[in-house]
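Asker: Below is the sequence, then the predicted model.
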Number of protein chains: 2
Amino acid sequence: MTDAPMLAFDADDTLWHNESFFALTEEAFGQLLAPYADPEALKERLTQTERRNLGVFGYGVKGYTLSMIETAIEVTEGAVPASVLQALLDLGKEMMAHPVTLLDGVGDVLEDLARHYPLMLITKGDLFHQEDKVARSGLADLFSAVEIVSEKDVPTYARVFGRHGVAPDRLAMIGNSLKSDVLPILEVGGWGVHIPYHLTWAHEAAPEPLGHPRYVRLADIRDVPDWVGAQFPL
Amino acid sequence: MTDAPMLAFDADDTLWHNESFFALTEEAFGQLLAPYADPEALKERLTQTERRNLGVFGYGVKGYTLSMIETAIEVTEGAVPASVLQALLDLGKEMMAHPVTLLDGVGDVLEDLARHYPLMLITKGDLFHQEDKVARSGLADLFSAVEIVSEKDVPTYARVFGRHGVAPDRLAMIGNSLKSDVLPILEVGGWGVHIPYHLTWAHEAAPEPLGHPRYVRLADIRDVPDWVGAQFPL
């Protein structure tokens, strides 16, 4: 155990845009299937398929692409043309290869913080895709550790922080998901810093832990240095 | 750095069967597409699609399933019925959920070795699926470290072994793939112990490093304890 503070960041929708690409893909999915199904009903069916398949495929674009194909076959009762399914495959490939677009201020804030604190990146999902995004983000050198995990829950955080020898109350996790970045961190004894993104994946919805002594809500990543400076003075 | 030896094991086709499930799936794929394409030509097309998609999807069942669907659409020029594509999705899900079947002798050998040496498991592929297989194998408690990586190459091994403070010449990597488990290990200075599996994925084919002073070929995992005992006496 060390007394040095550690700042851990989520990646998708905290450092770079992610959910907005899913939203664009979902829109394209709706347009491709428009001759066969009402867009709202279709969206609901896709969410159901995704949820059902999460336990089989885990998080990430590849499982999402398989769920789009499955939903397209189901809602059309098999009438969907192969050309549409090929278009869904292509949408999946585009998501995998999509440029990494940082949120405003991320580069400056991380460079500033990295001069004074060890930074960790903790992201869940597809190992191959997340490693690729970290590499393409240009931020990799600012992190002393990058952890890609299959689920962000209490046992995972306890294992990761245990391995790095961080005392829970000297640790802040900064992210956009109450469910994945804040609630389990509060449970292991750390600080949960929530910075909402304008879109939230239905699966990540969770109640805000208002009144919790280690829960912090900031409007923007550019507010992090001031909070960190006050909480963990140099 | 420590002088203690470390034994690192590959997982797929070293500890449990894997390629044989891919072979069964490929056979089912051939049967489903038999009305549309010659089985041998189909196999060749699937291998081509897989190779082309590896850089987009990485290793693992989900990418393989997407490649099966893409190949089916391509070889039939879009004439493949949706019911066949649904059957391919189902094959992918079956592979994800398939029981983990250990190779003969694996349990006894690892229990024996774990009493005297730290064991590490290093496997490449899909994080979610590999973690799930490790958990279902019943072997997790025998390993002091489990590393799931996106590629098994020299930089990856150097990083993993560096993190664990292992001196390369005190390290043996035991696995079925010359390309992934043996050649890069020899390059980082460790012992590469090859135990062939009866099937080798085309992508993993590589020349045998005959005559290399740290290359070892064993017929069966049950031969590992004797070799380890001679190489790293207690």
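Answerer: Here it is on my side, so go on.
Asker: so where's chain A shaky on pLDDT?
Answerer: By pLDDT under 70, the low-scoring segments of chain A are A:1-2.
Asker: most distant residue from the middle of it?
Answerer: A:A79 (34.2 Å; CA atoms, centre = their mean).
Asker: how's chain A carved up into domains?
Answerer: Following automatic domain parsing, one finds the domains of chain A at A:6-16+A:100-231, A:19-97.
Asker: Format these as CSV; extra columns: distance to B:V146.
Answerer: To be clear about C-beta, it is placed using only N, CA and C from the backbone, and glycine gets the same treatment. Listed next are those as CSV, based on distance: least, CB to CB, whole Å:
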stretch, distance to B:V146
domain A:6-16+A:100-231, 11
domain A:19-97, 16
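Asker: I'd like those domains as TSV, with distance to chain B appended.
Answerer: Output for the domains of chain A, formatted as TSV (distance: least, CB to the nearest CB, whole Å):
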stretch	distance to chain B
domain A:6-16+A:100-231	3
domain A:19-97	3
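Asker: Tally up the residues packed near the residue nearest to the residue farthest from the centre of chain A when sequence neighbours are not counted, please.
Answerer: Nearest residue to A:A79 in three dimensions, chain neighbours excluded: A:Y36, at 6.7 Å (CB to CB, 6 or more residues apart in numbering or on different chains). Close neighbours of A:Y36, defined as other CB atoms under 10 Å in any protein chain shown, add up to 15.
Asker: list the contacts for A:Y36?
Answerer: Residues in contact with A:Y36 (CB atoms under 8 Å, 6 or more residues apart in numbering or on different chains) are A:75-76, A:79-80.
Asker: Now name the helix or strand holding it.
Answerer: For A:Y36, there is no enclosing helix or strand under DSSP states H and E.
Asker: and it, backbone torsions?
Answerer: Recorded main-chain torsions at A:Y36 are phi -110, psi -20, according to degrees, to the nearest 10.
Asker: Which residue ranges of chain A form strands?
Answerer: A:6-9, A:119-124, A:145-149, A:171-175, A:191-194, A:215-217 (DSSP state E).
Asker: would you turn the ones you listed into a markdown table with distance to A:L113 and mean neighbour count?
Answerer: Formatted as a markdown table, the strands of chain A follow (distance: least, CB to CB, whole Å; neighbours: other CB atoms under 10 Å in any protein chain shown):
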| stretch | distance to A:L113 | mean neighbour count |
| --- | --- | --- |
| strand A:6-9 | 6 | 25 |
| strand A:119-124 | 6 | 23 |
| strand A:145-149 | 14 | 19 |
| strand A:171-175 | 10 | 26 |
| strand A:191-194 | 12 | 24 |
| strand A:215-217 | 15 | 17 |
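Asker: Could you dump those into a markdown table and include distance to B:P184?
Answerer: A markdown table is the format used below for the strands of chain A (distance: least, CB to CB, whole Å):
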| stretch | distance to B:P184 |
| --- | --- |
| strand A:6-9 | 31 |
| strand A:119-124 | 25 |
| strand A:145-149 | 21 |
| strand A:171-175 | 34 |
| strand A:191-194 | 40 |
| strand A:215-217 | 44 |
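Asker: among those, which is nearest B:D126?
Answerer: When those are compared by CB to CB, strand A:145-149 sits nearest B:D126, at 11.6 Å.
Asker: Pull up the pairing partners for the closest one, direction included.
Answerer: Here strand A:145-149 has these sheet partners by DSSP bridges: strand A:119-124 (parallel).
Asker: Can I get the strand it pairs with as PDB, trimmed to CA atoms?
Answerer: The C-alpha coordinates for strand A:119-124 follow below in PDB (Å, rounded to 0.1, in the frame of the first residue of the first chain):
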ATOM      1  CA  LEU A 119      -2.700   8.100 -14.000                       C
ATOM      2  CA  MET A 120      -4.400   4.800 -14.800                       C
ATOM      3  CA  LEU A 121      -6.800   4.000 -17.600                       C
ATOM      4  CA  ILE A 122      -9.500   1.400 -16.800                       C
ATOM      5  CA  THR A 123     -11.800   0.500 -19.600                       C
ATOM      6  CA  LYS A 124     -14.100  -2.400 -20.200                       C
END
